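Novice: Give me coordinates for this.
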Amino acid sequence: MQEERFSRRFGHRPEEAEITIREDAPEEVRGAILKMAESELGIGPGHLRDELCNVLRKLPDQSNWSAYPNIWGECQDLINNCPWYRVYDFVEALYKSLKNSGKTQIAKKWQELINEYFLEVGIGWRMVKGLLETRGDEAFAVSVDAARKTLKSAGLPTSRLEIHEALKDLSRRPKPDLTGAIQHAMAALECTAREVAGNSSATLGDILKRNSDLFPKPLNEAVPKLWGYASETGRHLREGRTPTRSEAELIVGVASSCCTYLAGKIGDGR
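Specialist: Numbering: from 1, shown residues only. Next up is the predicted model:
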């Protein structure tokens, strides 16, 4: 593994680019991912080919026996000609392979490199503990991460799991489950509200009606509308009313922020 570059040694990080790539893996992205593993982590073509072949369910070309240019060229062909989502499968597989072989620090470095690169070129994914999940704008990331942390601290594992499932649905490859993401986000909010209100069976709609002080004004009027919108688009889907990704991310982000606020009431003794 090479020594760290000037920018990393002195704490310089790229600015976050607008997300323009999510359900795609352009040629330059494929090449950069492969090159980072080879040049910055020092992973040889043989190892890279093994991981690519495992992900793509292909056998290595036995006629290629020299690392350069033969096996390296085969790696380039494999990653350049596979479906876009398999590129991200490879990113995860390489992390898992490194970690399982005891190379934990190199695996962490791989995660850092991937996240830095994705941020710099506007790819809407990020790696967390070796798994890629959807990445929204900064506000989205802050709200979701805060909800995860606060719900864990408040001892609300079910609500935290629902947030996790919402992210999984947004992160599904090759096609995200947008309605599922909305359902899980609102389920997280409902579970959290039940805990704060002390009613384990009421729906979120009923809780909001009976507890007008659950949220400060005028948010106490906005949250029921969020519930109604989510019910229409995520739970009782009407023909021709499929939510967009932006709408799904908005619901997940707002629901996460609401969960964080309510979970804070538990720590404050309500």
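Novice: so where's the stretch 1-150 of the chain uncertain?
Specialist: Residues of the stretch 1-150 of the chain meeting the criterion pLDDT under 70: 1-3, 8-10, 14.
Novice: How about the secondary structure of residue 13?
Specialist: Following DSSP: H, G, I helix; E, B strand; the rest coil, we place residue 13 in the coil state.
Novice: Can you report how many residues neighbour the nearest residue to it once chain neighbours are set aside?
Specialist: Among residues not flanking residue 13 along the chain, residue 116 sits closest, at 7.0 Å (CB to CB, 6 or more residues apart in numbering). To be clear about C-beta, it is placed using only N, CA and C from the backbone, and glycine gets the same treatment. Residue 116 has 15 neighbouring residues, counting by other CB atoms under 10 Å.
Novice: Next: residue 214.
Specialist: Counted with other CB under 10 Å, residues neighbouring residue 214 total 20.
Novice: helix, strand or coil for the residue located most distally from the centre of the chain?
Specialist: Farthest-out residue of the chain from its mean C-alpha position, per CA atoms, centre = their mean: residue 63, at 38.8 Å. With three-state DSSP as the basis, residue 63 sits in coil.
Novice: And the strands in the stretch 51-200 of the chain, which stretches?
Specialist: Using DSSP state E, counting those that start in this stretch, the strands found in the stretch 51-200 of the chain span residues 125-128, 131-134.
Novice: any idea of the pLDDT on residue 184?
Specialist: Looking at residue 184, its pLDDT stands at 94.
Novice: list the contacts for it?
Specialist: Applying CB atoms under 8 Å, 6 or more residues apart in numbering to residue 184 gives the contacts 162-163, 165-166, 169.
Novice: Also residue 49?
Specialist: Here residue 49 is in contact with 60, 71, 74-75, 78 (CB under 8 Å, 6+ apart).
Novice: From those, pick the one nearest residue 203.
Specialist: Distance to residue 203 across the contacts of residue 49 (CB to CB) is lowest for residue 78, with 50.2 Å.
Novice: Identify the residue spatially nearest to residue 44, adjacent ones excluded.
Specialist: Here the nearest residue to residue 44 in space, its sequence neighbours aside, is residue 67; by CB to CB, 6+ apart that works out to 6.1 Å.
Novice: ok, the one you found - contacts?
Specialist: Counting by CB under 8 Å, 6+ apart, residue 67 makes contact with 44-46.
Novice: Could you do residue 170 as well?
Specialist: If you count contacts by CB under 8 Å, 6+ apart, residue 170 has them with 133-134, 176-178, 181, 245, 248-249, 252.
Novice: so, if you compare those residues, which one comes nearest to residue 196?
Specialist: Out of the contacts of residue 170, the member with the shortest distance to residue 196 (by CB to CB) is residue 252, at 19.9 Å.
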